[in-house]
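K.L.:
Based on what follows, work out the 3D shape:
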Amino acid sequence: MSEPELIEAPSQGENPRAHWPEDLQREFDTDSDNGIVGSVLVSESERVRVWHLHLPPGKRCNFHTHVLDYFWSCHSHGKARGWYDDGRVQDVVHYPGDTSHYRFGQGEKFTHAVMNIGDTDLLFTTVEFLDSANTPYPIPEHIKLKVPA
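P.N.:
Residues are numbered from 1 along each chain as shown. As a prediction, the model looks like this:
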């Protein structure tokens, strides 16, 4: 993964996200505590959840919270902007095979949203490990892949 570019430093005040646009602050405050970490949950077993995330140019995924150990891998070239719960806003250039791994201890988590700020579709696969230290969030049925009839 290329080195992320920090485009705005967090505020030193009480709310580290005060420098974000109001609509993003509002979404973070009301809708971020969910485990929908992709566009569609394509597979789930007793061990893992496998997600696909498709972000066309100019589109953003909703804020979501990671509590499970996981990794993601990018399948395309592109540029993304991330908004993080600590107030960071970072731009990152992605490429096919770009992969990152994360681990969370009991009670640890992080929340973020990602927007495609490039001119190509961004495609990711995320694999979450259900035997992590934290309890998985429930996933609504409408997010799960529907097998064509």
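K.L.:
Show the subsequent helix or strand relative to the worst-scoring helix or strand of the chain on mean pLDDT.
P.N.:
In the chain, no helix or strand scores lower on mean pLDDT, DSSP states H and E than strand 5-8, which sits at a mean of 58. Sequence order places helix 22-31 as the next helix or strand after strand 5-8, per DSSP states H and E.
K.L.:
Quick one: mean pLDDT over that following helix.
P.N.:
Mean per-residue pLDDT for helix 22-31: 92.
K.L.:
And the helix or strand just after it, what does it pack against?
P.N.:
Heading C-terminal from helix 22-31, the first helix or strand you meet, by DSSP H and E, is strand 40-44. The contact analysis (3 or more C-beta pairs under 8 Å, 6 or more residues apart in numbering; DSSP states H and E) places strand 40-44 against strand 48-55. Where C-beta positions appear, they are placed from N, C-alpha and C, glycine not excepted.
K.L.:
who does the strand it packs on pair up with?
P.N.:
Strand 48-55 sits in its sheet next to strand 40-44 (antiparallel), strand 122-129 (antiparallel), going by DSSP bridges.
K.L.:
Of those, which is nearest residue 61?
P.N.:
strand 122-129 (9.6 Å; C-beta to C-beta).
K.L.:
Report the mean confidence score over the closest one.
P.N.:
Here the average pLDDT along strand 122-129 is 98.
K.L.:
If we go by neighbour counts, what in that strand is buried?
P.N.:
Under the neighbour-count criterion of 16 or more other C-beta atoms under 10 Å, strand 122-129 has 122-128 buried.
K.L.:
can you redo the strands paired with strand 48-55 as JSON lines with distance to residue 67?
P.N.:
Below are the strands paired with strand 48-55 laid out as JSON lines (distance: least, C-beta to C-beta, whole Å):
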{"stretch": "strand 40-44", "distance to residue 67": "15"}
{"stretch": "strand 122-129", "distance to residue 67": "9"}
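K.L.:
any idea how far residue 34 is from the residue nearest to residue 105 when sequence neighbours are not counted?
P.N.:
Using C-beta to C-beta, 6 or more residues apart in numbering and skipping the chain neighbours, the partner closest in space to residue 105 is residue 133 (5.4 Å). Per C-beta to C-beta, to the nearest Å, residue 133 is found 19 Å from residue 34.
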